[in-house]
Each structure stands twice: as C-alpha cells, then as structure tokens.
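> Need a 3D model of the following:
(2 chains)
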Amino acid sequence: MSEAVVMKNVSKQFKVLNRHEGLKGSIQDLFSRDYKIVQAVNDVSLTVMKGEIIGYLGPNGAGKSTTIKMMTGVLEPTEGEILVNGLVPYKDRTANSENIGVVFGQRSQLWWNLPLIESFKLLRDIYLVEEKDYQDMLELYRSLVDIEPILHKPVRQMSLGQRTLSDILAAFLHNPGIVFLDEPTIGLDVSMKARIRELILGLNEVKKTTVILTTHDMGDVDALCRRIVIIDEGKKIYDNDIDHLKNYFGSYRTLRMRLSDDSWVEKVIDESKTDVMHVIAETQKTSRIKDIRLEEISTEEVIRKIYEGGQGA
Amino acid sequence: MEKSLRQKRGFLFYVSIYKKILLQDLKSKMSFRADFIISTFGMVLTNLSGFVTFMILFHNFPSINGWDYHHMLFLYGFSLIALTPVQCFFDNNWNLRFMVRSGDFIKYCFRPINVFFYFISEVFDVKGLGQFAFGLATFIYAWAHIGIPVTAVTIAEAVLFLITASLFMIALMNFAAATCFWIINSGYVMVIMFRFKDFAKYPASIFNGVFRFIFTFLIPIAFVAYYPSLVFVTPDNVPLLSWLSPLIGALFFWLSYKFWMLGVRKYDFTGS
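Residues are numbered from 1 along each chain as shown, chains lettered A, B, ... in the order given. Alright, predicted model coming up:
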C-alpha cells in the first residue's frame, strides 16, 4: 500500500486586516498595514494511505476546510510540505485536479440548468475519460444506486438529497485516486443519508478510491471510517482507529441495574480495572437484580468530550 | 502521462467544450420560453430607445465635429456590434463578486481546465443577440450609404477590427470584475465601467484634451468604435492608433486576463 496524501508539518496563516470603524476608519484601512495573523492550521502532519476512508473531524473553525483547500491546491501552505498522489497541489493545480474529486455539501458543482447526464458528458470530455471507462462507471453507478430517476433531471429541479447524490457521482466519474467529501450528508433525511453512505462505501470498495471525509455527523463516521483524525484550533489532537477512540477516556461503560425494590442503580465501570460480570456478582450478594442495562459510550459523546477539551485518560 | 493529457487540452479542446456547454445551455434556455421571449423583447426595446435618442440628437445637430449622419450611424452600428461579445459571452463577470463573497467561487478551482474559461463559459446571454442584429443592420445600412467599397479586403478588415474592438470592452469588464478579489464594493466599479460604454458611440474628437486622453489611454473606450472606424470612414487619413488598435486590444485583453487570474491566486477563500 502506498501513500495518497503526505502532509509534513503543514501550517497555514491568514493575514486579516484589523478594520477600523466609520468613514475615517475605512480610509485608514486602505493604507493600513495593521494586520493580525490568524493561524488556521498549525504544524499538522498526516499520512493517508491509498484506499483508506478517513474521517477528518473538528469543531467549526478548527481548520478542516483550510486543510482540504491546501490538499486540493486552492491554497498554498505557509509552511510545510504537501504531496497528493506524489504532486505538490498548489504548484501543479491542473495536474493535481486530474486525480482528485471534490464535493462540498450544499454547494453543487454541476451545471445548474443541465440534466445530470449532460453534466456527466461534459465532465467526461473535460477529464478526457475514455468512452469505455465512462460507460463502465455508469454501469457501476446503476448497480450501486437507482440513478434513472435523476439522470434526465436538471440539477436545479432536484431535491437536496438528489443533488448531493449527483455531486458525489460526478466527483467519482473520472475515477480519481482521492475524493474529498466535505459534509456530504448535511441537511439530508435518514434514508438519504443511508443511501449516500452505502454509495460511498461501494465506490471505495470497487474502485479503491481514497476518501477524505469531513463531517459533523457521527453517523457518517461510524458507517464509513475506520480511522479518524481530529483537529482543533489548527492542531492535530487525535489520529487513530475509531475503536481506539472509545478508550480515549478509559474504557468506560455504564451499567444500570433494577433491584428488587424496583429502584435503578447506576454504576460507571472502568473495564481496564474491573469487569462487568464482577460488579453484577457483587451486587447480587446484597440484593436481587430484576433487570440490567449496559450502555456503551457513543462516538458522539467521545468526540464531544474531545471538542470540549477533555483530557484523555 | 500528465504531460500528454495537458497537451490534449489545447485550443481545439476548449472550442469543443465551449460549443457543448453553449448548445446545452441554449437547449435549456428554450425551455424557459416566457423568460426567453420577455428578455429578447426587453433588449429590442432598449435598443430602440437608444436609437430614438440618437435620431433626436441628430435632428437637432445634423453634424457633430465634421461627422455627418451616416458616419455617425456607422460609428453607432460599429459600437453595437463590438459591444455584443461582452454581453453574450462574458456576462458571468457580473456574478463574480457574489460568488467570491459567498465562497461558491471555489468550485471553479477543482477542474483540470483554465479557471477563467470555466467561469466565463458557464453563462451565455442571449439578450446580446438582439443588439447584434440591430447593430449589424445599422452598420450595413451606413456602410452602403457612405459608399465604402465591398471587397475581400474591406470585409476582412471589418471582421478583424470588429473582433479586436470588442476585446477592449471585455478587458475593461474583466478588470472591473476582478477588483472583487481585493475590495468589497466592486459592484460600483463594474457599474461605472459599464456606463463608459455609452461614450463609445461618439467620435472621440468631440471630447476635450483631458477626456480624450482618458478615453484613449486610461479607459480606452475610444477603441471600441472610434479609432477602428476611422479605417473605414476616413481611409485617406487613418491615424497610427487606428492601425495599432488590434494589437493594443489583444494586449489589453491579455493584461486583463492576467489581472483576473492574479486575483484568483491571491484570494484567500476564507470561510467554509
């Protein structure tokens, strides 16, 4: 397995003008050199292997979009090196874009007035895709999702779900090595979310496409990602398997027991120190247990704790 | 392999992509039939009212600075034709500032094709076609009345000078639109630049020294019709600037394109 993306100590700073108020202030701003430096990404190193699906998470304003914009060649990093499919994205934007696909949730990149199939044909021509590969890809799409109802519909007439689906299909059409999905399921209903997750998984499996996913929906993360990377205030604070994440604050589970007097007793169990069966056995020595319930800590809870600045155990 | 792909995206590639986008766009525009009819009708009215103003003006001043009615008509027709391409093909410049501000502009940076081309190709404005027909009719009528000979050379000259004249207005609008990468209220810049086109239909000789200098060298609106027209209107006395206008036009357009692309590179794309 080789690397799809390598980032080495990448930082990105923005210069933001300190704006002054009023007319006098606006004139002052014209000549002002009074900038403040905003550190959007701070010394992030990251390696993504070919074929991986990684979840790139972080609270709003953490620097996720800036990272993606650097990987796609739109922004130049202030410091550090980025290689995407072996190319420096900012220097070789055109060559880099041959081999990536990008979806920004809620922002369609398709031709608004054209039926989807015409957009597909234009993309086929723009990316110089061979006719056979194009037909094979359409065949694959048909096998993964029901595209007939949307194929001849202009994008402007589509529902948000159909549009997102179309944008994802369009991003994979030229069979890129990497696809960036920025909040692909935002605003979608449960069944559409499920269809889109299935589609992404299917395409990743068949085409071995690397997928870099940013999302606020932990359902996406649970369904798609084996590995997640979390950044906050521009810094990488977590990079590991999703299974490992559950143990980030220690492997806690909550055990609830209904005792003979119908009252519920709650015990938080650190499984690295004691196991659940032992707690049940101990409790049964003093009282009869009528019912038990065992609650896992959810991905969402862990992530929330990390965002809120909790320290790992 | 990358190199061969890039070589394949030459001039012909862009022509064929543009043709396909245009064809699809027209097809979908036809489906908004009411919109299509109303906007064409509106454009005809706009042109008619412009023409009526012109006629009234000439009723009162039969000659302006040695330019008689048919010469002025020639200039008028010339300017209408030369202003058609900016209307038809480069109208998306008007949307640039909204897309840059909302962040939607970023989508043009993800494809392996020229960003300027991709952005501009997205909109074809049919309204310009009415103007073109109107301008062409006026142009041919004035041409016949002035008695300009119809030879292969004069026709070739007309085509060359009309096309290069159109580059001036396109370039002006490129400059104006691209200011949105640096300033917030770029809408005003665009509106002001666009207003300048109204001066294109008058002979620059009627303006005094300062304005003539401005319209020749700073905001070269005099190149949209006046200088190239002299090649046909006063063939015995053509100033050097007229002969040079195709070159200047090409250079000016190239500069505006570079400025536009510089804006794209400098822009921060902040916000998600």
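
> Quick check: closest non-adjacent residue to residue A:262.
residue A:290 (7.5 Å; C-beta to C-beta, 6 or more residues apart in numbering or on different chains). Quick note: C-beta positions are derived from backbone N, CA and C, even for glycine.

> Count the neighbours of that neighbour for me.
Neighbour count for residue A:290, taken as other C-beta atoms under 10 Å in any protein chain shown: 11.

> Quick check: the gap between it and chain B.
As for residue A:290, its distance to chain B is 51 Å (criterion: C-beta to the nearest C-beta, to the nearest Å).

> So that residue: helix, strand or coil?
Assigned state for residue A:290: strand (three-state reduction, DSSP: H, G, I helix; E, B strand; the rest coil).

> Run through the residues that contact it.
Neighbouring residues of residue A:290 by C-beta atoms under 8 Å, 6 or more residues apart in numbering or on different chains: A:258-260, A:262.

> Run through chain A and note the low-pLDDT ranges.
Filtered on pLDDT under 70, chain A yields the residue ranges A:1, A:26, A:29-30, A:32-33, A:249-251, A:310-313.

> OK, contacts around the most centrally placed residue in chain A?
Central residue of chain A (C-alpha atoms, centre = their mean): residue A:214, 2.0 Å from the mean position. Listed by C-beta under 8 Å, 6+ apart, the contact set of residue A:214 reads A:55-58, A:64-65, A:68, A:181-183.

> Now residue B:173: closest residue in space that isn't a chain neighbour?
Distances taken as C-beta to C-beta, 6+ apart put residue B:93 closest to residue B:173, at 5.2 Å, once the chain neighbours are dropped.

> that older thread, of the contacts of residue A:214, which is the nearest to residue A:20?
Of all the contacts of residue A:214, residue A:65 has the smallest distance to residue A:20: 28.1 Å, by C-beta to C-beta.

> Quickly find the element holding the closest one.
helix A:64-71 (DSSP states H and E).

> what does residue B:25 give?
Assessed by DSSP H and E, residue B:25 sits inside helix B:11-31.

> Count the neighbours of residue 157 for me.
I'll assume chain A. 12.

> oops, chain B please
Using other C-beta under 10 Å, residue B:157 has 17 neighbouring residues.

> Could you check how far it is from chain A?
36 Å.

> Now the phi/psi pair for residue B:90, please.
With angles defined as degrees, to the nearest 10, residue B:90 sits at phi -120, psi 20.

> Near chain B, which residues of chain A are found?
Selection of chain A residues close to chain B by C-beta under 8 Å from any C-beta of the partner chain yields A:14, A:60, A:64-65, A:69, A:72-75, A:93-95, A:97-98, A:100, A:102, A:104, A:107, A:109, A:111, A:113-114, A:118, A:121-122, A:125-128, A:154, A:182.

> Now the buried members of those.
A:14, A:64-65, A:69, A:72-75, A:93-95, A:97-98, A:100, A:102, A:104, A:107, A:109, A:111, A:113-114, A:118, A:121-122, A:126-127, A:154, A:182 (16 or more other C-beta atoms under 10 Å in any protein chain shown).

> Among those, name the ones in helices.
A:64-65, A:69, A:93-95, A:97-98, A:118, A:121-122, A:126 (DSSP state H).

> in the stretch 101-250 of chain B, which spans are helices?
Applying DSSP state H, counting those that start in this stretch to the stretch 101-250 of chain B gives helices spanning B:115-121, B:127-146, B:152-178, B:186-195, B:209-213, B:226-233, B:240-266.

> wait, chain A
Here chain A has its helices, by DSSP H, at A:22-31, A:64-71, A:93-98, A:116-126, A:131-144, A:148-151, A:160-172, A:190-207, A:218-224, A:242-245, A:276-286, A:299-307.

> Need the winner for burial among these.
helix A:64-71 (a mean of 26; mean count of other C-beta atoms under 10 Å in any protein chain shown).

> what packs against it?
With contacts defined as 3 or more C-beta pairs under 8 Å, 6 or more residues apart in numbering or on different chains; DSSP states H and E, helix A:64-71 has these neighbours: strand A:3-17, strand A:35-49, strand A:53-57, strand A:79-84, strand A:178-182, strand A:210-214.

> relative orientation of it and strand A:3-17 in degrees?
120 degrees (axes from the mean of the first three to the mean of the last three C-alpha atoms, to 10 degrees).

> Contacts for helix A:64-71, please.
With C-beta under 8 Å, 6+ apart, helix A:64-71 has contacts from A:5, A:7, A:10, A:12, A:40-41, A:44, A:56-58, A:75-77, A:82, A:84, A:89-90, A:100, A:102, A:180, A:182, A:212, A:214, A:231, B:106, B:269, B:271-272.

> Now restrict the residues you listed to buried residues only.
Among those, those scoring as buried are A:5, A:7, A:10, A:12, A:40-41, A:44, A:56-58, A:75, A:77, A:82, A:84, A:89-90, A:100, A:102, A:180, A:182, A:212, A:214, A:231, B:106, B:269, B:272 (criterion: 16+ other C-beta under 10 Å).
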